[in-house]
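>>> what shape does this take:
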Amino acid sequence: MSIFDVLTLFGGLAMFLYGMRLMGASLKEGSSGALKKALEGVTNNTFKAFLLGFLVTAVIQSSTATIVITSGLVAAGILSLKQSLGIIIGANVGTTVTGQIIRLIGMNDSSDSWLNIFKPSTLAPVALIIGIVLIMGFKFNRAKTIGNIAIGFGILFSGLLNMTSAVDTLTESGVFESLFSKLGSNPFIGYLIGATVAFILQSSSATIGILQAFSASGGLAFNAIYAVVVGVYLGDCVTTAIVCSIGAKAEQKRVGIVNILFNLGKSVLVLGVVAILRWMGVLDGIWNTIATPGSIANTNTIFNLACALLLFPLMSIFEKMSKKIVKDDPVHEFKYQDKVEALSTAFFSTPALALRSCYDALLTMFYASRDNITRGLDMLTKYDAKTYEVVRQEEDNIDQLADRVSQYLVQLASHLTVDEHVEILNHYYKIVNEFERLGDHAKNIADTAAELHERQTPFSAIALAELDVVEDLINSILDFTEEAFKKRDADAAYKIEPLEEVVDDLVVVLRDNHMSRLANGKCNVVAGTDFMDLLGDIERISDICSNVGLATVTRVKPELGNKTHDYTYLLHSGNDAEFNREYEAAHKKYFDKINNLIASEG
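All right, here's what the predicted structure looks like:
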């Protein structure tokens with residue numbers, strides 16, 4: 001044994017861990033949309049939740065990631081703690097799939113077998129070649145992601161081969177055999193080693209994989225490895241619980257606690273049953289049998305499946321225990337606390353979920369701002385102090401929500417690697433500012449209503465009638481704005497522009513009309529400035545909706561890039577026939593109403 005053998009061992013370990021991380025991260029990235037839909041589809045059917053937890057973990061190669069994402073969904077209110085229980089069990093079983101893949105390292109070396117294609121020494125270079133060809137030679141959307149998955153797979157098996165080679169040399173020294181023979185006589189030490197290594201590596205799959213690499217040398221017996229395998233369960237779930245607890249609320253923390261309780265139950269069950277069976281002599285036939293990568297994978301799978309079946313009925317008890325360990329959060333007065341809590345850092349590893357939480361929060365901001373606009377305009381004719389207080393409080397809520405979404409988007413940015421996700425984030429960052437400004441102008445309208453009431457200087461009947469016409473137009477614009485953002489509807493966004501142009505025209509006419517009424521003494525001079533300010537807020541609201549529509553069109557048609565000014569100029573220049581038709585129809589509709597009002601006043 002030399003320093004070079006040790007370097008080979010740790011170099012192989014580094015390659016193995018990096019390959020596993022690269023492959024897992026790319027799998028999560030490439031399947032984030034499907035992953036989100038799958039986990040959100042969980043119902044009270046525990047078996048369905050178990051299958052989802054198993055399949056998701058088998059795909060993304062990480063029980064920690066699955067459970068952390070689940071805890072985020074619990075925090076967001078998408079799942080209840082009870083619904084998450086089946087996913088937790090499924091994730092623990094799903095993580096054994098990695099070991100079954102890694103067992104290929106122990107495949108027979110028979111040169112005439114077609115199965116040689118599945119040997120790591122063949123799979124590694126094939127996967128690396130496929131990966132680099134996809135990354136460098138293809139430009140389709142998922143080429144880089146699929147290439148990274150293949151590269152990660154190849155690096156993982158290359159690392160395994162290096163570790164196996166180094167372990168063979170270490171075995172010849174006798175140190176390796178001596179170390180693991182002691183584990184066979186003291187399962188408690190083996191249990192602690194497994195827990196410690198899994199905690200440090202933050203991966204049960206990686207720890208089991210390392211154990212399989214060591215077993216390929218033929219120096220491990222069942223009595224030396226079973227306790228290590230069981231210890232891995234505890235070490236991995238402690239890491240998961242810590243991640244679930246960072247900046248989390250009570251229900252989210254409980255997901256991690258339930259996972260710890262379940263894995264502690266697994267440890268007690270397996271170690272107890274093995275001890276009893278050993279005492280009865282049932283295990284004498286396999287106790288000193290040399291372990292292989294395949295037998296370790298099978299042992300891990302059998303332990304997990306058996307414990308899942310036996311402990312399933314106890315999950316409700318673990319749930320109750322978690323609620324005693326983690327007390328309820330204090331009640332928050334913030335109206336949209338659930339939307340804020342849904343902006344969880346647990347979703348950073350799965351951007352589709354993080355961006356969905358942002359989308360929900362932004363839609364909430366829009367609805368709150370729109371409701372405030374309606375309240376403010378209604379108070380111009382019938383002021384109500386309680387309604388004004390609702391507007392004021394809601395404006396504070398909108399501002400808080402905007403701050404939290406903005407902060408979350410900034411934090412999320414560094415975790416995005418897919419262009420599509422970056423485009424969505426940039427879109428949302430524009431929208432959050434627009435929706436906040438929408439709320440500001442709604443508050444301005446309410447303030448105007450409050451001032452009119454306080455001074456006892458209401459608008460004239462004709463001024464209010466004109467404002468009703470503008471409000472009708474603004475509501476149409478807000479309808480299209482909602483449709484554009486909510487459904488990423490470019491057609492709805494397109495319809496905003498001609499209506500926004502009509503608002504500009506109406507504001508000019510209504511200002512002239514109001515100045516004429518002031519000159520003729522038909523409107524209160526004191527209220528004159530308030531009317532002009534109100535028209536300014538209405539005009540700004542339509543401008544904001546135009547910005548939202550433009551941002552939506554840009555997202556749907558990224559080829560516009562920085563040419564949005566040219567796009568709007570084309571629409572407003574009279575060279576777009578569809579825009580002209582929409583504009584002329586809206587102009588006629590709303591100006592006919594205004595002209596009829598003037599005629600009736602008469």
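>>> so how far is residue 209 from residue 8?
17 Å (C-beta to C-beta, to the nearest Å). For glycine as for every other residue, the C-beta is placed from the backbone atoms N, C-alpha and C.
>>> more neighbours: these two, which one.
Counted by other C-beta atoms under 10 Å, residue 8 and residue 209 do not tie: residue 209 has more neighbours, with 30 against 18.
>>> per-residue confidence at the more buried one?
Here the pLDDT value assigned to residue 209 is 78.
>>> so it sits against residue 97, correct?
No: counting by C-beta atoms under 8 Å, residue 97 is not a contact partner of residue 209; they are 11.9 Å apart.
>>> just the strands in the stretch 351-500 of the chain please.
Using DSSP state E, counting those that start in this stretch, the stretch 351-500 of the chain contains no strands.
>>> hey, where'd the helices end up in it?
With DSSP state H, counting those that start in this stretch as the criterion, the stretch 351-500 of the chain has helices at 351-378, 385-413, 419-455, 461-487, 490-519.
>>> flag every buried residue along the third one.
Buried residues in helix 419-455, counted by 16 or more other C-beta atoms under 10 Å: 421, 424-425, 427-432, 434-450, 452-453.
>>> contacts only, for residue 366.
Residue 366 makes contacts with 435, 438, 481, 482, 485, as judged by C-beta atoms under 8 Å, 6 or more residues apart in numbering.
>>> Throw these into CSV and include pLDDT and distance to residue 358, thanks.
Formatted as CSV, those follow (pLDDT from 0 to 100; distance: C-beta to C-beta, whole Å):
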residue, pLDDT, distance to residue 358
435, 94, 12
438, 94, 17
481, 95, 18
482, 94, 17
485, 93, 12
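>>> include distance to residue 155 when you put these into CSV, please.
Listed next are the contacts of residue 366 as CSV, based on distance: C-beta to C-beta, whole Å:
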residue, distance to residue 155
435, 44
438, 49
481, 48
482, 47
485, 42
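>>> closest one of those to residue 18?
Nearest to residue 18 out of the contacts of residue 366 is residue 485 (C-beta to C-beta; 40.2 Å).
>>> looking at this protein, which helix or strand does the model trust least?
In the chain, no helix or strand scores lower on mean pLDDT, DSSP states H and E than helix 175-185, which sits at a mean of 53.
>>> pretty sure residue 348 contacts residue 412?
Yes: if you go by C-beta under 8 Å, residue 348 and residue 412 touch, sitting 6.3 Å apart.
>>> who's more crowded, those two?
The neighbour count for residue 348 versus residue 412, taken as other C-beta under 10 Å, is higher for residue 412 (21 against 17).
>>> distance check, the more buried one against residue 357.
10 Å.
>>> number of residues surrounding the closest residue to residue 421 other than its chain neighbours?
Once flanking residues are discounted, residue 421 sits nearest to residue 351: 4.6 Å by C-beta to C-beta, 6 or more residues apart in numbering. Residue 351 is flanked by 24 other residues according to other C-beta under 10 Å.
>>> repeat for residue 384
Look at residue 384: counted by other C-beta under 10 Å, it has 13 neighbours.
>>> and what of residue 224?
Other residues close to residue 224 by other C-beta under 10 Å number 25.
>>> buried set for the helix or strand where it lies?
Assigned by DSSP states H and E, residue 224 belongs to helix 222-245. Under the neighbour-count criterion of 16+ other C-beta under 10 Å, helix 222-245 has 222-241, 243-245 buried.
>>> also stretch 394-403?
Quick answer for stretch 394-403 (16+ other C-beta under 10 Å): 394, 395, 397, 398, 401, 402.
>>> re the thing from before, which strands and helices lie in contact with the following helix or strand past the helix holding residue 224?
The C-terminal neighbour of helix 222-245 among helices and strands, as given by DSSP H and E, is helix 250-280. Packing partners of helix 250-280 (3 or more C-beta pairs under 8 Å, 6 or more residues apart in numbering; DSSP states H and E): helix 63-75, helix 81-94, helix 187-201, helix 222-245, helix 293-311, helix 315-325.
>>> out of the ones you listed, the one nearest residue 19 is which?
Taking the helices and strands packed on helix 250-280 one by one with C-beta to C-beta, helix 187-201 is closest: 13.2 Å.
>>> using PDB, write down the CA coordinates of the next helix or strand along the chain from the closest one.
Sequence order places helix 204-215 as the next helix or strand after helix 187-201, per DSSP H and E. Only the C-alpha atoms of helix 204-215 are listed here, as PDB (Å, rounded to 0.1, in the frame of the first residue of the first chain):
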ATOM      1  CA  SER A 204     -27.500   7.400   1.500                       C
ATOM      2  CA  SER A 205     -27.100   6.300  -2.100                       C
ATOM      3  CA  ALA A 206     -23.500   7.600  -2.200                       C
ATOM      4  CA  THR A 207     -22.700   5.800   1.100                       C
ATOM      5  CA  ILE A 208     -24.200   2.500  -0.100                       C
ATOM      6  CA  GLY A 209     -22.300   2.900  -3.400                       C
ATOM      7  CA  ILE A 210     -19.000   3.300  -1.600                       C
ATOM      8  CA  LEU A 211     -19.700   0.200   0.400                       C
ATOM      9  CA  GLN A 212     -20.500  -1.700  -2.800                       C
ATOM     10  CA  ALA A 213     -17.200  -0.500  -4.300                       C
ATOM     11  CA  PHE A 214     -15.300  -1.800  -1.200                       C
ATOM     12  CA  SER A 215     -17.200  -5.100  -1.400                       C
END
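>>> and helix 204-215, what does it pack against?
Using 3+ C-beta pairs under 8 Å, 6+ apart: helix 204-215 touches helix 3-30, helix 96-102, helix 143-173, helix 187-201, helix 222-245, helix 293-311.
>>> and among those, the most buried is which?
Sort these by mean neighbour count, taking mean count of other C-beta atoms under 10 Å, and helix 222-245 sits at the top with a mean of 24.
>>> remind me what it packs against, helices and strands.
By 3+ C-beta pairs under 8 Å, 6+ apart, helix 222-245 packs against helix 63-75, helix 175-185, helix 187-201, helix 204-215, helix 250-280, helix 284-287, helix 293-311.
>>> nice, that's everything, thank you.
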